[in-house]
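Undergrad: requesting a structural model of the entry that follows:
(2 chains)
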Amino acid sequence: MIKEELKQYLEQTFPSAKVDETFDFPVLFLTKEELIPVMKQLRDAPETKFNFLFCETAVDRNPEFEMVYHLTSTYYHHDMMVKVILEDRENPEIESVYSVWEAADLYEDEIYDLFGIRFTNHPNLRRIFLTDEWVGYPLRKDYQDDRIISL
Amino acid sequence: MENQTVTPSELKTEEFVVNIGPQHPATHGVLRVEVTLDGETVKDVLPHLGYIHRGIEKMTESLGYKQSIFLTSRMDYLSAHINNHLCALAIEKAAQIEVPARAKAIRIIMDELQRLTSHELWWGSCAMDIGAVTPFFLGFRDRERILELFEQNTGNRLTMSYIIPGGVMNDVRPDFVPKLKALLKSIKDYRKEYDQLITGNYIFQHRTQGIGVLSKEQAISLGCTGPTARASGLSCDIRKLYPYDGYEKLDFKEVIDYGCDNWARYVVRMEEMSQSIHIIEQLLDNLPTGDYRTKLKGVLKLPAGEYYQRVESARGELGVYIVSDGGAKPYRMKFRTPCYSNLGAVKPISVGMKIADLMANMATIDLVIPDMDR
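TA: Model prediction:
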């Protein structure tokens, strides 16, 4: 499906969810609770078959966080984005999509390390780049470090 | 002696942990792999990253779009041209910049030469990890000749930062085409040497065939791309699926193998080198004339929004996700690097194999550490 068709399909299939678009992909906004069932549906439905999670990241929209999932299909080669807004800045938490795609294992380690978003039901959540004692989460917009020198 | 009859099945074995790296030739950089072993059998593999984490994504947030090109060269230093190309394409798409035909052709030539250097280095180091030392020198010898050409035309050998938004940094030298033609001829001759030395080697084939099997389903679930996934029968060549800068006009094959093992990954990369040579040859004879870049304003601002661009790097799908707030600096720039997701494949294909096979598996997946750590 091309972008416009896919957007229409998403609007019809998920009438309660907000559907938007970026320059490249349609975007589906979900809540934390409906993430896993909807992801499984997108992966298995014969119309979409989004079986490939090629990018997972977060954006700090200060004060809330935005989880971004980029999906593609190896059958139809169409792409889309799924977004989840996390309001709680002190203790952001969301369920891991490891049960849907194994690729989430490493992607979520990185997000936990650099944004401090916790993933429940993740097989091995750890700080993959930084040391366990590192204070703060560098990719947050309010991250402070005295060692940063501005040129 | 009747009290010493202990059969092997009654003996207890103990698992132990071996740290491979961070400074180990087989990890090609600073990667630490925590391997749990039972005798010589691999039970668990846990990679530890971060030894060369520079926070490139954080740094781009305080730099302009044009400046971030120079950081991308440092991500995957074995395919710096392709990284620059990715960033340039993303910015051009968002700011709607037209690129002259000559620049597009030069970009593709440089990309494919870069793929050749990367695969030549991989060929040498892969054979070395498995135990043959000579190919390492041959791979470097041939790569060196291409790097010399890069140095003459772009000014640098490793971190070129040559492909910039709007075109390329400067035009190629007048003797670029004849030199490249001579170079391609000698590369073709050397390719025969590669096959004589390693491809037909009985020991090498035994060390790779049937070892490190990654099924297509696993490759999809793990998010693998590039030669690693194509050796498992997954069609994922970005140059074919989402062509950019004129790849759609060129004649080349997407190399797919259904062997799923180390040998298949080896064959795919070797064939990709031939395809790269074929692509360059098509462009050389009718290199368009004209401008080599579009003049841009000093400070580049992208319209507010979100953009995703992907290219086929030497290791797989390289992507950039730019979130712009309309300012001169990116709000968020996320690089989707192929090695990071391919790293996930090391554990499933190595568990249950011997430790020597773990080395072969890591070699054929072709990990570049700065690409993962960023």
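
Undergrad: get me the contact residues on the stretch 101-250 of chain B for chain A.
TA: For the stretch 101-250 of chain B, the residues in contact with chain A (C-beta under 8 Å from any C-beta of the partner chain) are B:218, B:220-223, B:225, B:234-236, B:241. All C-beta spots, glycine's among them, are computed from the backbone N, C-alpha and C.

Undergrad: and these, which are buried?
TA: B:218, B:220-223, B:225, B:234, B:236 (16 or more other C-beta atoms under 10 Å in any protein chain shown).

Undergrad: circling back: return the closest of the residues of the stretch 101-250 of chain B next to chain A with respect to chain A.
TA: B:Gly223 (3.2 Å; C-beta to the nearest C-beta).

Undergrad: can you check the pLDDT for that closest one?
TA: Looking at B:Gly223, its pLDDT stands at 88.

Undergrad: just give the nearest non-adjacent residue to it, would you?
TA: A:Ala103 (3.2 Å; C-beta to C-beta, 6 or more residues apart in numbering or on different chains).

Undergrad: the one you found reaches B:Gly344, doesn't it?
TA: Yes - applying C-beta atoms under 8 Å as the test, A:Ala103 and B:Gly344 come out as touching, 6.1 Å apart.

Undergrad: mind listing the shared neighbours of those two?
TA: When contacts are counted by C-beta atoms under 8 Å, 6 or more residues apart in numbering or on different chains, A:Ala103 and B:Gly344 are jointly contacted by B:222-223.

Undergrad: residues of the longest helix seen in chain B that come out buried?
TA: Counting residues, the longest helix in chain B under DSSP state H turns out to be helix B:101-130. For helix B:101-130, burial by neighbour count (16+ other C-beta under 10 Å) applies to B:102-130.

Undergrad: neighbour count winner among A:Ala103 and B:Gly344?
TA: A:Ala103 (24 against 21; other C-beta atoms under 10 Å in any protein chain shown).

Undergrad: that one: what's it in contact with?
TA: Here A:Ala103 is in contact with A:53-54, A:56, B:221-223, B:341, B:344 (criterion: C-beta under 8 Å, 6+ apart).

Undergrad: and of these, the nearest to B:Arg332?
TA: Nearest to B:Arg332 among these is A:Glu56, at 13.7 Å by C-beta to C-beta.

Undergrad: check contacts around the closest one.
TA: A:67-70, A:97, A:103-104, A:107-108, A:111.

Undergrad: out of these, which is nearest to chain B?
TA: A:Ala103 (3.2 Å).

Undergrad: picking that back up, adding secondary structure, write the residues of the stretch 101-250 of chain B next to chain A out as a markdown table.
TA: Below are these laid out as a markdown table (DSSP: H, G, I helix; E, B strand; the rest coil):
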| residue | secondary structure |
| --- | --- |
| B:Gln218 | helix |
| B:Ile220 | helix |
| B:Ser221 | helix |
| B:Leu222 | helix |
| B:Gly223 | coil |
| B:Thr225 | coil |
| B:Leu234 | coil |
| B:Ser235 | coil |
| B:Cys236 | coil |
| B:Leu241 | helix |
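
Undergrad: what helices or strands is the helix or strand harbouring B:Ile279 leaning on?
TA: Following DSSP states H and E, one finds B:Ile279 within helix B:262-284. For helix B:262-284, the elements it packs on are helix B:101-130, helix B:176-194, helix B:202-208, helix B:226-230, helix B:355-365, judged by 3 or more C-beta pairs under 8 Å, 6 or more residues apart in numbering or on different chains; DSSP states H and E.

Undergrad: just the CA atoms of stretch B:287-299, as CSV, please.
TA: Coordinates of the C-alpha atoms in stretch B:287-299 are reproduced here as CSV (Å, rounded to 0.1, in the frame of the first residue of the first chain):
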residue,chain,number,x,y,z
LEU,B,287,30.2,10.7,-16.8
PRO,B,288,27.9,13.7,-17.1
THR,B,289,29.5,17.1,-17.4
GLY,B,290,28.4,20.3,-15.7
ASP,B,291,28.3,21.5,-12.1
TYR,B,292,29.4,19.3,-9.3
ARG,B,293,27.3,21.0,-6.7
THR,B,294,24.4,23.4,-6.0
LYS,B,295,25.4,26.4,-4.1
LEU,B,296,23.6,26.6,-0.7
LYS,B,297,23.1,29.2,1.9
GLY,B,298,25.5,29.4,4.7
VAL,B,299,23.0,28.3,7.4
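
Undergrad: turn the contacts of A:Glu56 into TSV, columns for distance to B:Ala363, secondary structure and pLDDT.
TA: Below are these laid out as TSV (distance: C-beta to C-beta, whole Å; DSSP: H, G, I helix; E, B strand; the rest coil; pLDDT from 0 to 100):
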residue	distance to B:Ala363	secondary structure	pLDDT
A:Met67	35	strand	90
A:Val68	33	strand	91
A:Tyr69	32	strand	92
A:His70	29	strand	91
A:Val97	30	coil	89
A:Ala103	22	coil	88
A:Ala104	26	helix	89
A:Tyr107	24	helix	90
A:Glu108	27	helix	90
A:Ile111	29	helix	91
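
Undergrad: show me which of those residues are buried.
TA: Looks like the contacts of A:Glu56 have A:67-70, A:97, A:103-104, A:107-108, A:111 buried, using 16+ other C-beta under 10 Å.

Undergrad: of those, just say which sits nearest to B:Thr208.
TA: Within those, the smallest distance to B:Thr208 is 25.0 Å, found for A:Ala103 (C-beta to C-beta).

Undergrad: and B:Met1, what pLDDT?
TA: 51.

Undergrad: try A:Asp105
TA: 89.

Undergrad: B:Pro348 versus that one, what's the distance?
TA: 11 Å (C-beta to C-beta, to the nearest Å).

Undergrad: pLDDT weak spots in chain A?
TA: A:151 (pLDDT under 70).

Undergrad: how about the helices in it?
TA: A:3-13, A:35-44, A:104-115.

Undergrad: report the angle between the shortest one and helix A:104-115.
TA: Interaxial angle, helix A:35-44 versus helix A:104-115 (axes from the mean of the first three to the mean of the last three C-alpha atoms, to 10 degrees): 140 degrees.

Undergrad: same check on the first one?
TA: Here the directions of helix A:3-13 and helix A:104-115 differ by 90 degrees (the same axes, to 10 degrees).

Undergrad: return the residues in contact with A:Lys7.
TA: Applying C-beta under 8 Å, 6+ apart to A:Lys7 gives the contacts A:19, A:21, A:26.

Undergrad: which one of these is nearest chain B?
TA: A:Glu21 (9.6 Å).

Undergrad: I figured the closest one hits A:Lys3, correct?
TA: Yes - counting by C-beta under 8 Å, A:Glu21 touches A:Lys3, with 6.8 Å between them.

Undergrad: any idea how many residues pack against residue 81?
TA: All of this refers to chain A. A:Met81 sits with 21 neighbouring residues when counted by other C-beta under 10 Å.

Undergrad: wrong one, I was asking about chain B
TA: Counted with other C-beta under 10 Å, B:His81 comes out at 27.

Undergrad: ditto for the one 3 residues further on
TA: Neighbourhood size, B:Asn84 [other C-beta under 10 Å]: 29.

Undergrad: once you drop chain neighbours, what's closest to it?
TA: In space, B:Asn84 is closest to B:Ile163, 4.0 Å off (C-beta to C-beta, 6+ apart).

Undergrad: do B:Thr72 as well
TA: B:Asn83 (4.1 Å).

Undergrad: show the pLDDT at the one you found.
TA: Model confidence at B:Asn83 (pLDDT) stands at 91.

Undergrad: report the angle between the host helix or strand of it and helix B:101-130.
TA: Taking DSSP H and E as the definition, B:Asn83 sits inside helix B:80-95. Between helix B:80-95 and helix B:101-130, the angle comes out at 140 degrees (the same axes, to 10 degrees).
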